[in-house]
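The sequence and its predicted three-dimensional model are supplied below.
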Amino acid sequence: QVQLVESGGGSVQTGGSLRLSCATSGTIRNIKSRGWFRQAPGKERELVATITPGGSANYFGSVMGRFTVWRNNAKEILYLQMDDLKPEDTGVYYCNIWRKCLGDEHDYWGRGTQVTVSS
């Protein structure tokens, strides 16, 4: 059974940093990407960063230049380093793995970890 478990969330002030981790258990084949999403109160879930199995990272929206995603392949842990945090970064952060093979695809999600940035 596949499980994704996030950790590392917390409360910081503007300009602070946090490092999120996502530990994966179970076997997933045909992974297209791993990534982080976030959902602010009253808003839709949005994509923050992705990384391919080959290590190519992409960042979306206002996090570019402030967030870094990487993966420890041996330990099956996905990380998100968040620097220069702003109040608009507040939300629940979710780890995601997207697998796809021919016409079949599936998203795996963790339960999320809360990040709160105060001004």
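Cool, the structure landed.

Quick check: beta-bridge partners of the most centrally placed residue in the chain?
Central residue of the chain (CA atoms, centre = their mean): residue 36, 2.1 Å from the mean position. Beta bridges link residue 36 to residue 49, residue 95 when assigned by DSSP bridges.

Ok, residue 5 next?
residue 23.

The closest residue in space to residue 38 that isn't next to it in sequence: neighbour count?
Using CB to CB, 6 or more residues apart in numbering and skipping the chain neighbours, the partner closest in space to residue 38 is residue 91 (4.2 Å). (Glycine included, C-beta is placed from N, CA and C.) By other CB atoms under 10 Å, 21 other residues sit near residue 91.

now swap in residue 6 and tell me
Residue 6 has 22 nearby residues by other CB under 10 Å.

Can you check the pLDDT for it?
Residue 6 carries a pLDDT value of 98.

Then residue 52?
96.
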